[in-house]
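Chemist: with the input below, show me the fold.
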Amino acid sequence: MNFLESMQMAGKTLLANKLRSALTMLGIVIGNASVIAMIGIGEAGQSYVNKQLESLGPNVLFIIPGNQETERISRDLPKTLVYEDAKAIASQVPTIANITAELNSRQVVTYSNKNTDVNIIGTTPSFLIVRDFEVDQGRFFSDVDMKRSNQVVVMGAKLANRLFGNSNPVGQQLRIKDTSFQIIGVLEGKGSNLGVDYDDSALIPVFTMANRIVGRTSPYGLELSYIVASAKNAESVDAAAFQITNLLRQRHKLIGEDDFTIRTQKDALQVVGQITGALTTMLAAIASISLFVGGIGIMNIMLVSVTERTQEIGLRKAIGATEQDILLQFMIEAVIVSAIGGLIGTGIGVSGIMLVAALTPLESALSPVAIASTVCISGGIGLFFGVVPARRAAKLDPIVALRSI
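Modeler: Predicted coordinates for the structure are as follows:
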């Protein structure tokens, strides 16, 4: 028998037992769909996080109070950064283009009969430039507003919609911690960054924040949650981090470890890439168990098929079929089952990724390499797990097989 005849015979055998063939494929279908869906969702998640980080700009640096050791042992970061540090960085670090300071606190915001718990951010007028935000309505607060500690507030798009609906909030009054503020602007929607949803936040001048909302608790000046700086270009980020480190160590009179941490977009992308890559690999490995189980199912059904077709094998060998012919036929049957199951599973997995993309902010991430590799692996599983039943069929003694007639 040639290869084409073996293919035809294998196809007829599988069609003669449609339900058994379909059930045998089921494990491969589930395995392929799971692997492709997990890899696709993992890659989509990684792409989404990377875009969020890239939206910060390639030349942004975050200076955060405390170091890795303090973050590990305590949820509350020490108040080691003050507003004077931000001013010193702006005036003494030549590689910095712009800088802003942020002081965060959750407070109850009241408008009319509506109360909501909101993240209040005290910041500076340079916030728009450094964080790349735009004002949708009204204006942002100015240097004059900050120096005079004016009670003005700029709202995020989501917060403005929740409190005012479709009406224009500019000019209205709201209360933050029993203090009245005038709304002077609304930011364009941008989403969350590094765990802070600016669309659902309210921004006020940093001095107003310190004097009216949280008070001044540091003996060294106006304490900050963090400082955000933008380097003049992407190439000067490392130099800026080095210069800021030296300046802050001198200002804080440090001898041992730093009492602050500088993080760049490159650092964040590297960490996120490692985490999401590990998660994607773990999910794919878990999903691959289904492929292994499907392969065992193929072996089991093929062994049953060999037992049932003992007479057929004996007759074929008696009229001249070689061991290679019998081996080839059973191997082809196993590969056909796994390959078709792999294609069906691929279609289901791709559909699952597209459904997730339609229902969530994640974008569809279909890797042709991952799809092709999974289909090839599923075919290889059929080949691997089909070897034992095929060899068993090929080694049958025709005389013994014919005696069962």
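Chemist: contact partners for Gly42?
Modeler: For Gly42, the contact set (Cβ atoms under 8 Å, 6 or more residues apart in numbering) comprises Thr276, Leu279, Thr280, Leu283, Ala284. Heads up, the C-betas are built off the backbone N, CA and C, glycines and all.
Chemist: Thr124: which of those is nearest?
Modeler: Taking Cβ to Cβ as the measure, Thr124 lies nearest Thr276 of these, at 33.1 Å.
Chemist: what about the closest one, neighbour count?
Modeler: By other Cβ atoms under 10 Å, the residues close to Thr276 number 19.
Chemist: helices or strands next to the lengthiest helix in the chain in the packing?
Modeler: Taking DSSP state H as the criterion, the chain has its longest helix at helix 265-308. On a contact count with 3 or more Cβ pairs under 8 Å, 6 or more residues apart in numbering; DSSP states H and E, helix 265-308 meets helix 18-54, helix 323-359, helix 368-394.
Chemist: how far away is Asp267 from Ile275?
Modeler: From Asp267 across to Ile275, the span is 13 Å (Cβ to Cβ, to the nearest Å).
Chemist: between the two, which one's more packed in?
Modeler: Using other Cβ under 10 Å, the more surrounded residue of Asp267 and Ile275 is Asp267, with 16 against 13.
Chemist: and the pLDDT at the more buried one?
Modeler: Turning to Asp267, the model gives it a pLDDT of 72.
Chemist: list the contacts of it.
Modeler: By Cβ under 8 Å, 6+ apart, the contact set of Asp267 is empty.
Chemist: which residue is nearest the middle of this protein?
Modeler: Residue closest to the mean C-alpha point of the chain, counted by Cα atoms, centre = their mean, is Gly45 at 2.6 Å.
Chemist: contacting residues for it?
Modeler: The contact partners of Gly45, by Cβ under 8 Å, 6+ apart, come to Thr276, Leu279, Thr280, Leu362.
Chemist: torsion angles phi and psi at the last one?
Modeler: In terms of degrees, to the nearest 10, the main-chain angles of Leu362 are phi -70, psi 140.
Chemist: how far away is the closest residue to it other than its chain neighbours from Thr276?
Modeler: Excluding the flanking residues, the one nearest Leu362 by Cβ to Cβ, 6 or more residues apart in numbering is Ala44, at 4.1 Å. From Ala44 across to Thr276, the span is 10 Å (Cβ to Cβ).
Chemist: quick check: Val369 vs Gly277, distance?
Modeler: Separation of Val369 from Gly277 (Cβ to Cβ): 15 Å.
Chemist: same question for Thr208.
Modeler: As judged by Cβ to Cβ, Thr208 and Gly277 stand 43 Å apart.
Chemist: same question for Phe164.
Modeler: For Phe164, the distance to Gly277 - Cβ to Cβ - is 43 Å.
Chemist: so for these two, which residue has more residues nearby?
Modeler: Set Phe164 next to Gly277 and count neighbours by other Cβ under 10 Å: Phe164 wins out with 19 against 13.
Chemist: returning to that earlier point: mind putting the contacts of Gly42 into TSV with pLDDT?
Modeler: Listed next are those as TSV, based on pLDDT from 0 to 100:
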residue	pLDDT
Thr276	73
Leu279	75
Thr280	72
Leu283	72
Ala284	72
